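Chemist: from the sequence below, what's the structure:
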Amino acid sequence: MKRNMSWTLLLIMLASLVLTACGGESKKTEHTTEHAPNGDLQEKTASVKVLPAFLASQKEEIRTIYQLAGENKELLEWMPCYCGCGESAGHKSNQNCFIRETGSDGSIVWDDHGTRCGICLEIALKSVAMKKQGKSTLEIRKAIDEAYKTGAGKPTDTPMPQA
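Modeler: As a prediction, this is how the structure comes out:
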């Protein structure tokens, strides 16, 4: 009986220790959420490794593309988006469909625009796939421009990358 009581006490202490540790950890990864003037939901996380909570209810494919966008934000800043978000949301590139800004501390302000737009998702996925095939940023940009030049919206005003 005493042995069972000791194990029970030990388990309770261990559980409280784990809960305390988890509580401390959650303070490090707090998310702040707000709405942009166009209605897009924006959420700040500690880094690209911490995806925003608004993705929890999204399909796995969308969460994967957001993760890829975070890992390839330097590439996507050179890719225009052809959904019209340059005018409607003030986006400057496909990167802004997923990431509004990167803080000097490495924090990320995510944007939920990409969760509702197939063109945004396609451009990001195609760009990353071409990068994995060894294409240069300029080659990828030219391919994206060619693919979306007709039948899509007005592109964002994204500068052309250097060779």
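Chemist: which residues touch the residue most central in space within the chain?
Modeler: By C-alpha atoms, centre = their mean, the chain has its centre lying nearest to Tyr66, at 3.8 Å. The contact partners of Tyr66, by C-beta atoms under 8 Å, 6 or more residues apart in numbering, come to Leu51, Pro52, Leu55, Phe98, Trp110, Gly114. (C-beta placed from N, C-alpha, C; glycine too.)
Chemist: quick check: the second one touching Trp110?
Modeler: Yep, that's Pro52 we're talking about. Yes: contact criterion C-beta atoms under 8 Å: Pro52 and Trp110 qualify, at 4.1 Å.
Chemist: please enumerate the shared neighbours of these two.
Modeler: By C-beta under 8 Å, 6+ apart, the residues touching both Pro52 and Trp110 are Glu43, Thr45, Tyr66.
Chemist: tell me which of those residues fall in strands.
Modeler: With strands taken from DSSP state E, the overlap with these comprises Glu43, Thr45.
Chemist: could you export the shared contacts of Pro52 and Trp110 as JSON lines, including distance to Lys142 and pLDDT?
Modeler: Compiled in JSON lines, the shared contacts of Pro52 and Trp110 are given as follows (distance: C-beta to C-beta, whole Å; pLDDT from 0 to 100):
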{"residue": "Glu43", "distance to Lys142": "33", "pLDDT": "97"}
{"residue": "Thr45", "distance to Lys142": "33", "pLDDT": "98"}
{"residue": "Tyr66", "distance to Lys142": "25", "pLDDT": "98"}
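Chemist: between the shared contacts of Pro52 and Trp110, which is nearest Asp145?
Modeler: Nearest to Asp145 among the shared contacts of Pro52 and Trp110 is Tyr66, at 23.4 Å by C-beta to C-beta.
Chemist: quick one: the helices in this structure?
Modeler: Ranges of helices in the chain, per DSSP state H, are 2-28, 60-71, 73-76, 85-88, 118-132, 137-148.
Chemist: which of those has the lowest mean pLDDT?
Modeler: If you rank the helices of the chain by mean pLDDT, helix 2-28 sits at the bottom with a mean of 38.
Chemist: number of nearby residues for the residue nearest to Cys83 when sequence neighbours are not counted?
Modeler: Of all residues not flanking Cys83 in the chain, Ile119 sits nearest, at 4.2 Å (C-beta to C-beta, 6 or more residues apart in numbering). As a burial measure, Ile119 scores 18 neighbours (other C-beta atoms under 10 Å).
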